[in-house]
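# Mind looking at a prediction? Sequence and model below.
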Protein chains: 2
Amino acid sequence: MRSHGQAAWELLLPAVAAPARRRGRALQEALREAVRSGRLAAGTRLPSTRALAADLGVSRGLVTEAYEQLTAEGYLRSDRGAGTWVGDAARGRLGGTPARGAVQDPGGGTRAEGALAALAPGPGTGTGTGTGTGTHAREAVVRDPAPGTHARRAGAPAVRVDFRPGTPDLSLFPRAAWSAAQRAVLARLPHPALGYPDPRGLPELRLALAGMLTRRRGVVADPERLVVCSGVAQASTLLGYVLRARGLDAVGVEDPGSPEHGRLFASTGLDTVWLPIDEEGLRPEPLAASGVRAVVVTPSHQFPSGISWSAERRAALLDWARAVDGHVLEDDYDGDFRYDRAPVGALQGLDPERVVYAGSVSKSLAPGLRLGWMLVPKKLLAEVVERKRTMDLGNPVLDQAVLAEFVTRGAYDRQLRRCQRAYRERRDALLSALAEHLPGTAVSGIAAGLHVIARVPGRYGPPERFLARSAEAGVALRPLEEYGTARPGDGEVRLVIGYAHLAPPVLTAGIRRVAEAVGRG
Amino acid sequence: MRSHGQAAWELLLPAVAAPARRRGRALQEALREAVRSGRLAAGTRLPSTRALAADLGVSRGLVTEAYEQLTAEGYLRSDRGAGTWVGDAARGRLGGTPARGAVQDPGGGTRAEGALAALAPGPGTGTGTGTGTGTHAREAVVRDPAPGTHARRAGAPAVRVDFRPGTPDLSLFPRAAWSAAQRAVLARLPHPALGYPDPRGLPELRLALAGMLTRRRGVVADPERLVVCSGVAQASTLLGYVLRARGLDAVGVEDPGSPEHGRLFASTGLDTVWLPIDEEGLRPEPLAASGVRAVVVTPSHQFPSGISWSAERRAALLDWARAVDGHVLEDDYDGDFRYDRAPVGALQGLDPERVVYAGSVSKSLAPGLRLGWMLVPKKLLAEVVERKRTMDLGNPVLDQAVLAEFVTRGAYDRQLRRCQRAYRERRDALLSALAEHLPGTAVSGIAAGLHVIARVPGRYGPPERFLARSAEAGVALRPLEEYGTARPGDGEVRLVIGYAHLAPPVLTAGIRRVAEAVGRG
């Protein structure tokens, strides 16, 4: 190893000692962790990509990619041509836990994850093998606010093609593998595991999820802060009750956003305040003026607009949260179903003491499993766990054990890759069909997730007529206006189109059917 | 068929046409239903057992048994030597549903259950085959208020024998059968069943449970009023939130009783008021004076005292509920683990519009499944279902489908018989061990359930010393005083002893160890 002057960069060396195929990811994790831990202080100017690449002995492209990724996530800031600095968004320290990024074994031990290994004190340390770091493409964490439940409302005419968003392709559920894992679990689970559960969830599942989420989503995941719950819906309700008991009376929600968030919080006694989203994320001024001290957001892939929040807006949201002593619920409903690049890491990684992170298997496996997770700031943890206990004493044990088996043995990663291939293909099919049958339609949002926003030109008819004709033709469509306070604009038809549950020929036939029904404009 | 004067008795004829082995049960169900429906009006004097037996052409013992059973349940009243009348406790009509006792098929159809068939209008009707009536001995509906969770608190000395109640024998969980049923379910379940669930539960499970509960527990079970939930704990929380939203601020609980009820209601914003239990059940005067308008009770096998409420107290409770426009939560935690006779039918059967009935598989299968049910009065139904929806969107689907398979194919009945055999044997072993090693100890309560109340004579030492010595010897015991407001009495040691989770040799060794530790008195 070569010696050089900046100790912080030296800490990156073990990371780039990883095998070539995982070197890029390891470098990103080590940098992220260095920022979180304060080893790279806010305002520190980073070396040029060329200089750091030379120092570390890696390709310049790897360093450029790492800077870009961490800038997108809000850990770094850059100015075109003027260099890259460490930002001040990250507050990664877990109060009271021994090591950031360390995965606490509920059995008492601590096992080193990749990022921790990379930053273990002292140069040349080789304690970490990097086994926790990602060898897989990032794919999916999932969602279940109830857009999915809308899809089951009976419409008046028979629905032949249902483009309403919220449902994954249920035929992708790995029935044989699930059944086999269940058999294996029932053969090995000790009897006491069938008793009254730990309300936080099965220890082996919390450990497996913490590793998986650290690797895939860039979160700070301590299994002791992870609570297994019945999906993002229950995470919202649990947090709602806790915040209500702490005296809050309202929560901010994204506009446009999922109306389900508002319904869930209302059940806990909290009003919701719509807060406007623009093309970068939540606008800071209305947020500051709203007076709320908690918000629920979807920064990785905003629902339904489809944008990914900018680094500035991520940082601004956390600044706000710190200023008002507030909290953020990050609904990471489809956080790594991204098709064009590695997904942006979760907001929670920037400040695990302000952000409650929630996800589920509803998009990757099945909503019917009612199985999800939340990462909870230390000061809210006991209250969330006690709410979970009085709500249901804890999630059912067998599905938890099966999911732990799935995650641990790589079957969950395989399932995510399978879903991602299917959904990417369907997104492409939808875009082709729109281009062919409804030319002029603009699709916005990043290449990610299970839905798109489509803006159909006004020449296809006013929105009311467009939707009515489509419905008569047996095609269920949901206009963007149902997701917030926006009113129909300049005559164009704005649609939230879910594509994940529809095979490509069905997608194509559905769009063709719409085009025939509304006329060629 | 012979003709006779009283049409109501004629309605019993189809029931007694059942095969001999199920004739007694069919007669009881038909009589119960006749009272519920008003066909046998309150105050009607019943024929003598001899006369009715002759009229129906059945043995007199069958009629006597039916009268006794229904008297114990509160449907009939009798006066020694002076005859038997129809009581006024029952209000069995389900508002707005077409037929009492009819099991509504969520698919739209109605299938006749035994009791309905027996009372179908017109003499000699043969529409019912009686397939819904019980061919199995009554065994179990189960429980999970968290006495079970206490059992996991770490005691200071190592616990070798843990007599604290609340946990069933987890080794009795039918792993192979569950695994096979899961495989069968995954092979046949249609894809949409894996989507966002019906918050009330899987229709096939609600149908199966309604039939099972009608047959085993004498409840009025309309699948449309049945809500699948995460056990009795969640049933309590759901009802608590609903009652709180309706303006209630307190719920009455039995004293002695499970402290968990109070904790669950407290989480919903409701205070609890202890209401004294005597040897017949809840005392009416303190109840009336308390000002509460809701109570939670365990009338089939009062927890922890072990009594079965008298018919008079059942009727008095319902009279109170009607007078104050109140509600009763019936926690049927171990309602048909009865070892000496058929269990007393559930209170809910007497007035399904006042009583919320709740049970679970926690004692019959495993608490870790977090799977139970509640039968909800019509006017509370929509509110309970909406609370269930916002709490978790509904129970996980796969375990529900497996339980439906279990109930439908008779595996659940087999499991109940298996548990009942084991628990009865353990109860006998415990009683023998107490008689041998702590002679003079009195055991109270009916021969039922998973625990007993033991009163150890004062000569074995004052309670504090007795418990301390036992703990030092590695035996965990729970005194009755922990379950209510009662203070230790005249020096005797009052214990709530759970025996279901301990094999007979362990039970015996545990009691012997206590005896050795405390001395022979």
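Received it, and whenever you're ready, just let me know what you need. Numbers count the residues shown, from 1 in each chain, chains lettered A, B, ... in the order given.
# A:L31 and A:L12 touch, don't they?
Yes - counting by Cβ atoms under 8 Å, A:L31 does reach A:L12; the two are 6.8 Å apart. (Each C-beta comes from the backbone N, C-alpha and C, glycine too.)
# where exactly do the helices run in the stretch 51-200 of chain A?
Ranges of helices in the stretch 51-200 of chain A, per DSSP state H, counting those that start in this stretch, are A:60-73, A:114-119, A:147-150, A:175-188.
# residues in the stretch 101-250 of chain A within reach of chain B, list them.
A:144, A:146, A:148-149, A:151-152, A:166-167, A:170-171, A:173, A:175-176, A:178-179, A:182-183, A:186-187, A:191-197, A:229-231, A:233-234, A:237 (Cβ under 8 Å from any Cβ of the partner chain).
# Pull out the buried residues from those residues.
Applying a neighbour-count criterion of 16 or more other Cβ atoms under 10 Å in any protein chain shown, the buried members of those are A:144, A:146, A:148-149, A:151, A:166-167, A:170, A:173, A:175, A:178-179, A:182-183, A:186, A:193-197, A:229-231, A:233-234, A:237.
# Now find how far off-centre the host helix or strand of A:L287 is within its chain.
A:L287 belongs to helix A:284-290 when assigned by DSSP states H and E. When C-alpha coordinates are averaged (Cα atoms, centre = their mean, to the nearest Å), helix A:284-290 and its chain have centres 24 Å apart.
# returning to what we had before: A:L31 and A:L12: which is more packed in?
A:L31 (29 against 25; other Cβ atoms under 10 Å in any protein chain shown).
# Look at the more buried one and give its secondary structure.
helix (DSSP: H, G, I helix; E, B strand; the rest coil).
# Low-confidence stretches in the stretch 201-350 of chain A?
Residue ranges of the stretch 201-350 of chain A with pLDDT under 70: none are present.
# where along it do the helices fall?
Going by DSSP H, counting those that start in this stretch, the stretch 201-350 of chain A shows helices at A:203-217, A:231-245, A:259-267, A:284-290, A:311-323.
# mind putting these in CSV, distance to A:L434 included?
What follows is the helices of the stretch 201-350 of chain A, written out as CSV (distance: least, Cβ to Cβ, whole Å):
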stretch, distance to A:L434
helix A:203-217, 30
helix A:231-245, 29
helix A:259-267, 25
helix A:284-290, 32
helix A:311-323, 29
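# Please identify the deepest-packed of those helices.
helix A:231-245 (a mean of 26; mean count of other Cβ atoms under 10 Å in any protein chain shown).
# Does anything pack onto that helix? Which helices or strands?
With contacts defined as 3 or more Cβ pairs under 8 Å, 6 or more residues apart in numbering or on different chains; DSSP states H and E, helix A:231-245 has these neighbours: strand A:226-229, helix A:259-267, strand A:294-297, strand A:327-331, strand A:355-360, strand A:372-375, helix A:378-392, helix B:378-392.
# okay, these in JSON lines with distance to B:L243 next?
What follows is the helices and strands packed on helix A:231-245, written out as JSON lines (distance: least, Cβ to Cβ, whole Å):
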{"stretch": "strand A:226-229", "distance to B:L243": "24"}
{"stretch": "helix A:259-267", "distance to B:L243": "15"}
{"stretch": "strand A:294-297", "distance to B:L243": "27"}
{"stretch": "strand A:327-331", "distance to B:L243": "28"}
{"stretch": "strand A:355-360", "distance to B:L243": "29"}
{"stretch": "strand A:372-375", "distance to B:L243": "28"}
{"stretch": "helix A:378-392", "distance to B:L243": "15"}
{"stretch": "helix B:378-392", "distance to B:L243": "9"}
